[in-house]
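**Student:** Sequence first, then the predicted structure, then my questions.
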Amino acid sequence: EVQLQASGGGLVQAGGSLRLSCVASGLSFDEYAIGWFRQAPGKEREGVSCIRSDDGNTYHVDSVKGRFTISRDNAKNTVNLQMNSLKPEDTAVYYCNAKFRVLLTTREYWGQGTLVTVSS
């Protein structure tokens, strides 16, 4: 059974930092791209950051560039999202996602979410 366990959310003041972690089990972790998504109340889920499986390249949505950093440790099946200079608009439930895509085969899994609340 594939499991993605997200943790690290909490309440922080604007300008503060949090580090989210996603620990995966039950899959060949180094074959999966890992992404963080978030969903704020009343809004659609949006992609925040992701890191590729092959070359480790990272991508961030414009609103978090320069503030968030995503990294992975394949030996520990873990992806971390370091979030600095947090803003109230970063408040959301954050989900990690693992995606494998080769030719016509796609596998995708979601974690349970961790709540980040940024107070002004």
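**Tutor:** That came in fine, so what should we check first?

**Student:** Return the residues in contact with the most centrally placed residue in the chain.
**Tutor:** Among the residues of the chain, Trp36 comes closest to the average C-alpha position under C-alpha atoms, centre = their mean, at 2.3 Å. Applying C-beta atoms under 8 Å, 6 or more residues apart in numbering, we find Trp36 in contact with 20, 22, 47-50, 70, 79, 81, 94-97. Quick note: C-beta positions are derived from backbone N, CA and C, even for glycine.

**Student:** and what of Cys22?
**Tutor:** Cys22 neighbours (C-beta under 8 Å, 6+ apart): 4-7, 34, 36, 78-81, 96, 111.

**Student:** same thing but 6 Å
**Tutor:** By C-beta atoms under 6 Å, 6 or more residues apart in numbering, Cys22 lies in contact with 4, 6, 79, 96, 111.

**Student:** Run a quick neighbour tally on the residue nearest to the last one when sequence neighbours are not counted.
**Tutor:** Spelled out, that is Gly111. Among residues not flanking Gly111 along the chain, Leu4 sits closest, at 3.4 Å (C-beta to C-beta, 6 or more residues apart in numbering). Neighbour count of Leu4, defined by other C-beta atoms under 10 Å: 23.

**Student:** try the one 4 residues further on
**Tutor:** Applying other C-beta under 10 Å, we find 16 residues neighbouring Gly8.

**Student:** shouldn't it be in contact with Leu20?
**Tutor:** Yes. Under the criterion of C-beta atoms under 6 Å, Gly8 is in contact with Leu20, at a separation of 4.1 Å.

**Student:** all strands for this protein, in order.
**Tutor:** 3-7, 10-13, 18-25, 33-39, 46-51, 58-60, 68-73, 78-83, 92-102, 105-110, 114-119 (DSSP state E).

**Student:** could you turn stretch 4-24 into PDB, dropping everything but the C-alphas?
**Tutor:** What follows is stretch 4-24, C-alpha atoms only, in PDB (Å, rounded to 0.1, in the frame of the first residue of the first chain):
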ATOM      1  CA  LEU A   4       2.400   9.700   1.700                       C
ATOM      2  CA  GLN A   5       2.600  11.100   5.200                       C
ATOM      3  CA  ALA A   6       2.700  14.900   5.300                       C
ATOM      4  CA  SER A   7       3.700  16.800   8.400                       C
ATOM      5  CA  GLY A   8       5.000  20.100   9.700                       C
ATOM      6  CA  GLY A   9       2.100  22.400   9.400                       C
ATOM      7  CA  GLY A  10       1.000  24.700  12.100                       C
ATOM      8  CA  LEU A  11       0.300  28.300  13.100                       C
ATOM      9  CA  VAL A  12       2.900  30.900  12.400                       C
ATOM     10  CA  GLN A  13       3.000  34.700  12.300                       C
ATOM     11  CA  ALA A  14       3.600  36.500   9.000                       C
ATOM     12  CA  GLY A  15       7.300  36.600   8.200                       C
ATOM     13  CA  GLY A  16       7.900  33.300   9.900                       C
ATOM     14  CA  SER A  17       9.000  29.900   8.600                       C
ATOM     15  CA  LEU A  18       7.800  26.400   8.500                       C
ATOM     16  CA  ARG A  19       9.200  23.200   7.000                       C
ATOM     17  CA  LEU A  20       6.800  20.600   5.600                       C
ATOM     18  CA  SER A  21       7.900  17.000   5.200                       C
ATOM     19  CA  CYS A  22       6.400  14.300   3.000                       C
ATOM     20  CA  VAL A  23       7.500  10.700   3.800                       C
ATOM     21  CA  ALA A  24       6.600   8.100   1.300                       C
END
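
**Student:** Nice, that's everything, thank you.
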